[in-house]
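> Task: produce atomic coordinates for the following.
(one chain, ligands or ions: 1)
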Amino acid sequence: MRSLSNDNNGTPSLASAKSSSKNSSTVDGMDDAHELVSADIIYVDSGIISRKYDEPLFDEVEELLGASPAPRPCTLVWRDLSVHVKLKDGKLKRLVNNVSGIAKPGTLVALMGPSGAGKTTLMTALAHRSPGGTIIDGEVAMNGVPVGDFMHRESGYMHQDELFVENLTVMEHLTIMARLRMDRRTTPLGRRRKVNQLMRQLSLYGARHTRIGGLDGQKTLSGGERKRLAFASELLIDPGLLFCDEPTTGLDSSSAQKLMTLLRASAVQGKTVICTIHQPSSELMALFDKLVLLAEGRVAFAGNASGALDFFESLGYQCPITYNPTDYFIKVLALTPGSEGASRQAIKSVCDRFAVSDAAKELDMEIHLEFHLMDNEDQDLRRVKNNNYKPPLLHTKITWLVYRYLLIIIRDPRVQFVRILQKLAIALTAGLCFIGTARLTQAGIQDVQGALFIIIAENTFSPMYSVLHMFPEEFPMLHRELKAGLYSTPVYYVARMVALFPGLVVEPALFTLVVYWVAGLRGTLYAFGFTVFLSILVLNVAIACGSFFSCAFGSMPLAIAYLVPFDYSLMMTSGLFIKLSTEKIYRDTNTTAQQGRTYNLAALSIISDLFQATKGIQETL
Ligand SMILES: Nc1ncnc2c1ncn2[C@@H]1O[C@H](COP(=O)(O)OP(=O)(O)OP(=O)(O)O)[C@@H](O)[C@H]1O
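Have a look, this model is predicted:
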């Protein structure tokens, strides 16, 4: 019988890395020090997969992840877990179907299955990070406590597609994350040490001043470095439980190996690591302790990787000698194009057979025991134990978020410079048009009105449209950070607005100053000050209006489509073009109108315009 093993001694990859790492420094040596060589992992015909971690391998773990204190042991257990989403037509779609499992401290669990099997859905449900609109049935508990918001501080979650504020450097990102995530009792020195330690351990120290995304032509982080940075961000709080969604996707085999070795090291340290992974090589697979195979939202196998070969063989699925076993399992569990019905039947049969297998019964017993212990223990006491974490204070979060947004604004001086130049150019052009004409005489009254209109219009339309992209661009990261419990929506909003504030004052003041002075409007301090004050207010209202539309419609094209008829109607009725007092009164002549209800014609036309435009846009979209 064929099976997988690490090496002839049953000694895993980390141990094999030890000798080679002796000559290299911890900082830069990690890249070559901890690589597995293919000779370390071979197929053997012993009949049993004998990959064991007999030795705790603390030396190697320390080299990889430093001498941090052992994490709090975390046992995650889930029973009869089903996940549904509500579709647009109101129907429920089941993505995960009645699955149960357990992940214990010090184990690295592989969650595998064909694309669309429900791996990410299951993992987000276990991590208490499911997107809104998801309906979860069943039980999930960590260390005997049903999962809840505490999962944000007790667990780390590495997403499949990592999102960063691209303008920041590695060090800035980690420093800000440390301020937003770490316990508020940690001293500044402790935080700095942690950030530096993680950068060294994850080979990011050399790139600490490199921008994550950078501008054209600047050096930016590689795919592997980005993944390691995401990993470092999660390790800041030393979570006992780590979820990793396809951490190796997009990496070459060497970078994937390094990252998986780090995850292995985390597990050896005592963490519980659950990781979805797509078709890992035999070398990578050898790093996992447990394998969970999902298909069509159901468990097709759960247990030691060795057992999977035996289980599939017992069903008549003999893995060809030339095949990587994990590739073979996925092939068996994937839908075959053209014969989906037969594939579904075969998958159902595998899942049904696993449900009544000895491995499943053993697993059930373990799970029941965990829940039984949970029922018999004082949950309040457990909660108190879990609640040792003190989150950063509100003002700390706001301050560091403001710092982050200010960095984004000033990081791209070219844009700021061009914006200021543009403002000055428009102000000069407008002002020059009114030189010598904007006098407070009967002849000059139209020009004064024109100059004032330019001041108001420039402080309304361009700022209103310039913020439309802001929220839709930030939504993905905002959602993720809200889900991770880093801050709340009001904290985000306050920080965003505070960061915008300098621009909200400087820009209108500068513009008004130039137009006012060049056009030669009334030269008293009071008149000038009052005009600047009104421009600032107008600009703030415009920004608020733009923000509202960008939040309400979620995408820039949609927000523009709704905003144009809205601001057009407001402009028409602003009093400059039509005096409201001269507008006709519309009197409704039907029954209810006879009671004397009157409507302003302009207001009606705005509403009707808006509805027409909205209808047209919705039809187009
Ligand atoms: N909000 C949703 N509405 C409808 N279907 C959804 C929704 N979210 C996920 N699905 C469907 O649920 C199934 C499982 O999705 P999930 O992302 O968990 O799969 P996965 O196993 O992680 O796949 P992959 O390996 O490709 O990332 C997929 O068929 C997906 O299309």
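
> what's around the residue in the stretch 501-621 of the chain that the ligand sits nearest to, how many residues?
Closest contact between the stretch 501-621 of the chain and the ligand, by Cβ to the nearest ligand atom, is at residue 554 (15.7 Å). Bear in mind the C-beta positions are built from the backbone N, C-alpha and C, glycine included. Around residue 554 there are 11 other residues, counting by other Cβ atoms under 10 Å.

> Check residue 503 too.
Neighbours around residue 503, by other Cβ under 10 Å: 17.

> who's in contact with it?
Going by Cβ atoms under 8 Å, 6 or more residues apart in numbering, residue 503 touches residue 409.

> sorry, back to before: nearest spatial neighbour of the residue of the stretch 501-621 of the chain closest to the ligand, skipping sequence neighbours?
Excluding its sequence neighbours, the residue lying closest to residue 554 (Cβ to Cβ, 6 or more residues apart in numbering) is residue 472, at 5.8 Å.

> Now do the contacts for the one you found.
550, 554, 555, 556, 559.

> pLDDT averaged over the helix or strand harbouring it, what's the number?
Residue 472 is part of helix 470-483 when elements are defined by DSSP states H and E. Averaged across helix 470-483, pLDDT comes to 85.

> Check the offset of it from the chain's centre.
7 Å (Cα atoms, centre = their mean, to the nearest Å).

> where does the stretch 451-600 of the chain dip in pLDDT?
For the stretch 451-600 of the chain, the stretches flagged by pLDDT under 70 are 574-576, 578-581, 583-600.

> could you pull out the helices for it?
Taking DSSP state H, counting those that start in this stretch, the helices of the stretch 451-600 of the chain run over residues 461-466, 470-483, 489-519, 525-553, 556-572.

> Buried residues in stretch 349-362, which are they?
350, 351, 353, 354, 357, 359, 360 (16 or more other Cβ atoms under 10 Å).

> how about the strands of this structure, start to end?
3-5, 42-44, 76-86, 92-103, 108-112, 134-142, 145-146, 155-158, 241-245, 272-276, 290-295, 298-304, 585-587, 598-600 (DSSP state E).

> How about residues contacting the fourth one?
If you take Cβ under 8 Å, 6+ apart as the criterion, strand 92-103 is touched by 75-87, 109, 118, 121-122, 125, 135, 138, 241, 272, 274, 290, 292, 294, 296-299, 302, 363-364, 366-367, 370.

> for the protein, what helix or strand is lowest in average pLDDT?
Across the helices and strands of the chain, mean pLDDT, DSSP states H and E gives its lowest value to strand 42-44, namely a mean of 32.

> near the ligand, which residues of the stretch 101-250 of the chain?
Residues of the stretch 101-250 of the chain lying close to the ligand (Cβ under 6 Å from any ligand atom) are 113, 115, 116, 117, 118, 119, 120, 121.

> ok, now how distant is the third one from residue 363?
Per Cβ to Cβ, to the nearest Å, residue 116 is found 24 Å from residue 363.

> Between the two, which has more neighbouring residues?
More crowded of residue 116 and residue 363, by other Cβ under 10 Å: residue 363, with 19 against 15.

> Spatially, what comes nearest to the more buried one if we skip its sequence neighbours?
Excluding the flanking residues, the one nearest residue 363 by Cβ to Cβ, 6+ apart is residue 302, at 5.8 Å.

> ditto for residue 349
Excluding its sequence neighbours, the residue lying closest to residue 349 (Cβ to Cβ, 6+ apart) is residue 315, at 7.7 Å.

> wouldn't that neighbour be in contact with residue 353 here?
Yes. In this structure, residue 315 is within contact of residue 353 by Cβ atoms under 8 Å, at 5.9 Å.

> What's the separation between residue 287 and residue 310?
Counting by Cβ to Cβ - residue 287 and residue 310 are separated by 20 Å.

> Those two: who's more crowded?
Per other Cβ under 10 Å, whichever of residue 287 and residue 310 has more neighbours is residue 287, with 25 against 16.

> Could you tell me the per-residue confidence at the more buried one?
Reported pLDDT at residue 287 in the predicted model: 87.

> Check residue 135 too.
92.

> Spatially, what comes nearest to it if we skip its sequence neighbours?
Nearest one to residue 135, counting by Cβ to Cβ, 6+ apart, is residue 84 at 4.4 Å.
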